[in-house]
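# Got a predicted structure plus its sequence, pasted below:
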Amino acid sequence: MTQFPITRRSLLALAAATLMLPQAALAQSWPSGSVQLVVPARAGGGTDAVSRIIAGALQEQTGQPFVVVNNPGGGGVVAAEEVRNATPDGQTLLFFHTGVLAMHHTGSYAPDPMTAFTVAAEMAVGGTYALAVAADSPYQTLQDLVQASIDNPNSVSMGVQVRGSSHFMAGLLTSDSGARFRIVDAGTDADKMVQLQGHQIDAAMVNTPGTLQYVQNGDLRVLATIGSDAARDPVLPDVPSMVEAGYPNALYGLDFLIMAPVGTDPAVVQSIHDAFAAVVADEAINSQLTGMGFALSMVPQDAMQARLEGIDARVAATAELLGLN
């Protein structure tokens, strides 16, 4: 066997390589097997649909299984706690949205999401929520619905997920219009759409993409949409936004968040972020999501903290304004 002399230079090179190994190994260690994306929503809703498309793309990209685990218990509390208390290795992640901040500021989730998790990735959602009614509803416009609730207070039921984002949206409309809706805890978006079709509730705040199939089938009608700006949603070009309908403060947008347990290694967090960023940048995937009404854009990593702090402050102020805190 040929032997090579051990010189000072070779020892220094070996030492340098050894120092670099842990960081490189950590960066490449995720995923190290099956990854659970815990989704606090029932199968069939908008968040669930987006999570499954992204999970499929991540599985193809990494060669490791990505499993969507639906856990809507407690309006999202059970899923959040499952991830918060999971081993911080990046193998169990929460796929949720900034509605988790609303849960905290209205008292349904005690831990502060800003400090109780490590946010690995943030994706701004270009879509909206819809104020939907049954197709045979007597209410033809948003103004009809609002006026009926004013004329007969508590006679018009509005389905929301209490203390969640849809509750905030209904509260903003109520505050802006003087409406006197009877707020009903109707559960997840999938639950709300079932109750709308069964005439158990008169109206509901549901994610717009999730309503499209029911609108096209003639089961539901959308009176207005609410998003982060006043524009109409391109997937429903004939439907006005709430701002356009005359309620200027009815603005509320969402970002999807990928949240890991506190203590997850920064190198693993970086790997998670980069993997999701690659999926969002994939034209075929983003085209599919855009077609569903979920146009996603990756929030730059160095802008995430400031953006989340801004959203958190607005949610806290809105909760106080609406008396939901």
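Looks like it came in fine.

# What are the contacting residues of whichever strand or helix holds L212?
For L212, the enclosing helix or strand under DSSP states H and E is helix 208-216. Outside of helix 208-216, the residues that reach it under the criterion Cβ atoms under 8 Å, 6 or more residues apart in numbering are 44-46, 49, 127-130, 132, 189-190, 193, 197, 220-222, 225, 233, 235-236, 292-294. Every residue, glycine included, has its C-beta placed from N, CA and C.

# Following that helix in sequence, what is the next regular element?
strand 220-226.

# counting contacts, what elements does that next one pack onto?
Using 3 or more Cβ pairs under 8 Å, 6 or more residues apart in numbering; DSSP states H and E as the contact test, the elements touching strand 220-226 are strand 129-134, helix 142-151, helix 165-177, helix 189-197, helix 208-216.

# okay, those, which one's buried deepest?
Comparing the helices and strands packed on strand 220-226 by mean neighbour count (mean count of other Cβ atoms under 10 Å), strand 129-134 comes out on top with a mean of 27.

# Work out the sheet partners of that strand and label each with its direction, please.
strand 203-207 (antiparallel), strand 220-226 (antiparallel) (DSSP bridges).

# Need the contact partners of it.
Strand 129-134 is touched from outside by 139, 142, 145, 165-166, 169, 173, 192-193, 196-197, 199, 202-208, 211, 214-215, 219-227, 233, 236, 239, 242, 252, with contacts defined as Cβ under 8 Å, 6+ apart.

# Quick one: work out the angle between that strand and helix 208-216.
Regarding strand 129-134 and helix 208-216, their directions subtend 30 degrees when assessed with axes from the mean of the first three to the mean of the last three Cα atoms, to 10 degrees.

# Mind checking the pLDDT average for strand 129-134?
Computed over strand 129-134, the mean pLDDT rounds to 97.

# then that strand to PDB, C-alphas only?
Backbone C-alpha positions of strand 129-134 (Å, rounded to 0.1, in the frame of the first residue of the first chain) are rendered in PDB as follows:
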ATOM      1  CA  TYR A 129     -62.400  34.500   1.500                       C
ATOM      2  CA  ALA A 130     -66.000  34.500   0.300                       C
ATOM      3  CA  LEU A 131     -69.200  35.500   2.000                       C
ATOM      4  CA  ALA A 132     -71.300  32.600   0.600                       C
ATOM      5  CA  VAL A 133     -75.000  31.700   0.800                       C
ATOM      6  CA  ALA A 134     -77.100  28.900  -0.600                       C
END
